[in-house]
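Let me see the structure of the following:
(one chain, ligands or ions: 1)
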Amino acid sequence: MTGPLISLADVSLVFDGNVGALNHISLDIAKGETVGLVGESGSGKTTLCRVLVGLAEATAGTVAIEGRPLDALIAADPLAFRRKVQLLLQDAVASLSPRMRIGRLLEEPLAIHGMDLLAGRRRIADLLQRLGLPQGVLDKYPHQVSGGQARRVAILRALMLGPSIIVADEPTAGLDVSVQGDLINLLVELRGDLGLTYLIVSHNLNVIRRIADRTVVMYLGQIVEAAPTTALFSGPAHPYSAALLSTNPAIDPRRRRTRIVLEGEIPSVVSPPPGCRFHTRCPIAAARCRAEEPQLRPLPDGRQVRCHFPLTEPEGAAAFAAAAQRHANVPADRPRPLA
Ligand SMILES: Nc1ncnc2c1ncn2[C@@H]1O[C@H](COP(=O)(O)OP(=O)(O)OP(=O)(O)O)[C@@H](O)[C@H]1O
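Coordinates of the predicted model:
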């Protein structure tokens with residue numbers, strides 16, 4: 001296969017006639033790639049995940065897997081589609097029935113998909129070992145295992161049917177840092193061993209930095225930047241990406257001397273600001289930003305950005321440096337709004 005494994009072309013989704021949760025999203029994901037999705041609450045990350053797994057339907061645009069439209073794939077063979085694309089939810093315990101022992105929970109999909117029970121049990125045994133879970137968890141109820149183990153059980157359940165795509169919404173949320181680290185290592189290992197492709201949503205930028213080959217930044221239903229993770233973290237092109245990264249002091253503190261505090265509420269997707277959607281909170285917004293909506297466009301270094309004045313170009317860099325300078329005298333222990 002030469003084309004992308006997953007392709008979203010100009011996808012929009014409007015809830016209730018006026019909630020534009022996704023706005024002209026175009027994104028290709030290659031087989032074996034891990035794409036991280038970041039952005040403030042309400043930017044459309046979960047909706048994008050739900051579209052990809054067929055739980056929500058795009059109002060416009062096309063979603064394709066291996067070049068075949070998603071709706072046609074689902075209509076032709078819904079079970080085959082579910083085997084191929086699995087959703088991993090944040091709250092692993094809540095996504096498992098509390099009244100069934102884990103062993104039965106894991107065998108349940110085998111019956112639904114008409115798979116051989118013996119072969120299924122061998123697969124469970126193999127995956128238990130691979131995921132570092134003791135055999136004993138099979139006899140327990142979901143609430144009787146630790147948070148980290150419950151998360152592994154949910155991963156095991158998602159892997160039972162041999163998927164090729166895993167869409168994970170906050171897979172490490174609520175876990176201790178060390179357990180988070182183990183889980184990320186596990187996901188990376190599984191990707192290599194089983195040839196998986198991941199789309200991973202996380203509020204935790206350290207998680208995204210460790211696992212994603214490419215990171216997509218969303219704001220108010222739009223992609224504002226899509227870049228190789230190393231490029232994004234070493235020098236964001238969109239002012240919103242810069243603001244998001246600056247909220248995390250652990251990310252290269254030498255580079256992040258200026259903490260950019262975004263002022264004001266995130267606007268509503270029901271009535272997004274005209275021009276650039278970010279202009280009401282952007283530290284370098286100019287008249288053009290208020291009047292003209294920027295398109296997502298490629299930069300010479302291969303990333304894409306939706307900004308008239310990307311920080312990787314001289315005009316944007318100068319404006320950003322000037323904004324930082326204006327606030328340079330704010331004491332270090334106080335937030336330094338750039339707007
Ligand atoms: N079923 C629905 N009906 C109406 N509006 C919805 C529905 N689901 C989501 N929305 C709205 O769509 C927008 C995007 O929501 P979404 O949950 O995708 O954002 P998110 O980036 O995943 O946020 P979070 O990080 O909090 O999960 C929000 O304004 C939300 O209120």
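
give me phi/psi at the closest residue to Leu55 other than its chain neighbours?
Leaving aside its sequence neighbours, Leu55 sits nearest to Leu87 (C-beta to C-beta, 6 or more residues apart in numbering; 7.3 Å). Glycine gets a C-beta too; all of them are placed from N, C-alpha and C. Dihedral angles of Leu87 (phi, psi; degrees, to the nearest 10) stand at phi -100, psi 130.

any weak-confidence spans in the stretch 1-150 of the chain?
1, 92-93, 95 (pLDDT under 70).

Residues of it that sit close to the ligand?
Contact residues (C-beta under 6 Å from any ligand atom) of the stretch 1-150 of the chain with the ligand: Phe15, Asp16, Val19, Ala21, Gly39, Ser41, Gly42, Ser43, Gly44, Lys45, Thr46, Thr47.

For my notes, confirm the fourth one occurs in a helix.
Going back to what we said before, that points to Ala21. No. Per DSSP: H, G, I helix; E, B strand; the rest coil, Ala21 lies outside any helix segment and is strand.

what number of residues lie near it?
Other residues near Ala21 number 23, with proximity taken as other C-beta atoms under 10 Å.

And the first one, by the same measure?
Applying other C-beta under 10 Å, we find 14 residues neighbouring Phe15.

That one contacts Ala21, doesn't it?
Yes. Taking C-beta atoms under 8 Å as the definition, Phe15 is a contact partner of Ala21 at 5.7 Å.

Could you look up the next helix or strand downstream of the helix or strand where Ala75 lies?
In this assignment (DSSP states H and E), Ala75 forms part of helix 70-76. Later in the chain than helix 70-76, the nearest helix or strand by DSSP H and E is helix 78-84.

what's next to that next one, contact-wise?
By C-beta atoms under 8 Å, 6 or more residues apart in numbering, the residues outside helix 78-84 that reach it are Gly54, Ile65, Leu70, Leu73, Ile74, Ile112, His113, Leu161, Gly162, Pro163, Ser164, Ile165.

Go through it and flag the buried ones.
Phe81, Arg82, Arg83, Lys84 (16 or more other C-beta atoms under 10 Å).

Columns distance to Leu128 on top of these, output as a markdown table?
Shown next, in a markdown table, are the buried residues of helix 78-84 (distance: C-beta to C-beta, whole Å):
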| residue | distance to Leu128 |
| --- | --- |
| Phe81 | 26 |
| Arg82 | 22 |
| Arg83 | 20 |
| Lys84 | 23 |
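
returning to that earlier point: based on its surroundings, how many neighbours for the residue nearest to Leu55?
So Leu87, with other C-beta under 10 Å, has 20 neighbours.

Tell me the bridge partners for it.
Val167 (DSSP bridges).

so who does it touch?
Cys49, Arg50, Val53, Leu55, Ala158, Val167, Ala168, Asp169.

Identify those among those that sit within helices.
Cys49, Arg50, Ala158 (DSSP state H).

What subset of those residues is buried?
Judged by 16+ other C-beta under 10 Å, buried ones among the ones in helices among the contacts of Leu87: Cys49, Arg50, Ala158.

Out of those residues, flag the one nearest to Ala227.
Relative to Ala227, the closest of these is Cys49; by C-beta to C-beta it sits at 20.0 Å.

For the closest one, give its distance to Glu315.
Distance of Cys49 to Glu315, given as C-beta to C-beta, to the nearest Å: 35 Å.

cool, and Gly302?
20 Å.

Look at the nearest residue to Asp10 once chain neighbours are set aside and tell me its secondary structure.
Spatial nearest neighbour of Asp10, chain neighbours left out: Gly61 (4.0 Å); criterion: C-beta to C-beta, 6+ apart. Classification of Gly61 by three-state DSSP places it in strand.

Just the terminal-to-terminal distance for stretch 194-205.
This stretch, stretch 194-205, spans 25 Å end to end (C-alpha to C-alpha, to the nearest Å).

Do that stretch and the ligand come into contact?
No. With C-beta under 6 Å from any ligand atom as the criterion, the ligand is not reached by stretch 194-205; the gap is at least 6.5 Å.

Off-centre distance for that stretch?
6 Å (C-alpha atoms, centre = their mean, to the nearest Å).

With stretch 132-139 instead?
For stretch 132-139, the distance to the chain centre is 29 Å (C-alpha atoms, centre = their mean).

Next, the buried residues of that stretch.
For stretch 132-139, by 16+ other C-beta under 10 Å, it's Leu133, Val137, Leu138.

With stretch 194-201 instead?
Buried residues in stretch 194-201 (16+ other C-beta under 10 Å): Leu196, Thr197, Tyr198, Leu199, Ile200, Val201.

What residue spans form the domains of this structure?
6-212, 234-326 (automatic domain parsing).

what about Ser7, which SS state?
strand.

Number of residues surrounding Leu262?
21.

Oh, that last question was meant for Pro310, not what I typed.
Pro310 has 22 nearby residues by other C-beta under 10 Å.

residues in contact with it?
Ala237, His238, Leu299, Gly316.

ditto for Cys282
Pro239, Tyr240, Cys276, Cys289, Ala339.

And the residues you listed, which two are furthest apart?
Cys276 and Ala339 (13.8 Å).

between these two, which one's more packed in?
Cys276 (27 against 17).
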